[in-house]
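> Everything below, folded, please.
(one chain, ligands or ions: 2)
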Amino acid sequence: TYVVTENCIRCKYMDCVSVCPVDCFYEGENMLVIHPDECIDCGVCESECPAEAISPDSTPGLEKWLALNAEYAKVWPNITLKRDAPPDAKEWDGKPGKEELFSP
Ligand code: SF4
Ligand code: F3S
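Numbering: from 1, shown residues only. Ligands and ions are numbered 1, 2, ... in the order given. Sure, this is the predicted structure:
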């Protein structure tokens, strides 16, 4: 499966949503997650994300984010249509410490 990671927080560009063939993105207030049981590992979203926030779960160190994706994909609503990114998305891109800003 692929995993949405820290840099999505407050960037939320949503380009990933338009390309996923199985619509397995779920939307929280300031980030999206991927449902690990629904992702078919096509890899299309990885290069589509302007924030480079998506990686395969085989990437070392992503265990925590995989768990978070699995947890919130069960409770957040499914998102299938891309909307505009937040107006300050670019300012947040690459900022350290965004994990603390995660909104469940
Ligand atoms: Fe969707 Fe493919 Fe990305 Fe999985 S890897 S979330 S199936 S676009
Ligand atoms: Fe987030 Fe990148 Fe999608 S910033 S919403 S994972 S395009």
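> Show me where the protein has its strands.
Secondary structure of the chain (DSSP state E): strands located at 2-4, 25-27, 32-34, 54-56.
> Would you format these as TSV with distance to ligand 1, mean pLDDT and mean neighbour count included?
Backbone N, C-alpha and C define where each C-beta goes, glycine included. As requested, the strands of the chain are exported to TSV (distance: least, C-beta to the nearest ligand atom, whole Å; pLDDT from 0 to 100; neighbours: other C-beta atoms under 10 Å):
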stretch	distance to ligand 1	mean pLDDT	mean neighbour count
strand 2-4	4	98	27
strand 25-27	7	98	22
strand 32-34	4	98	26
strand 54-56	7	98	18
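> can you redo those strands as a markdown table with distance to residue 95?
Converted to a markdown table, those look like this (distance: least, C-beta to C-beta, whole Å):
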| stretch | distance to residue 95 |
| --- | --- |
| strand 2-4 | 16 |
| strand 25-27 | 21 |
| strand 32-34 | 17 |
| strand 54-56 | 17 |
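> who's in contact with residue 2?
Residues in contact with residue 2 (C-beta atoms under 8 Å, 6 or more residues apart in numbering) are 34, 39, 41, 43, 45-46, 54-57.
> Retrieve the pLDDT associated with residue 58.
Here, the pLDDT recorded for residue 58 equals 96.
> please begin residue numbering at 372 from this point
Yep, numbering from 372; the last one is residue 429 now.
> number of nearby residues for the nearest residue to residue 378 once chain neighbours are set aside?
In this structure, residue 378 finds its nearest non-sequential neighbour in residue 424, 4.1 Å apart by C-beta to C-beta, 6 or more residues apart in numbering. Neighbourhood size, residue 424 [other C-beta atoms under 10 Å]: 24.
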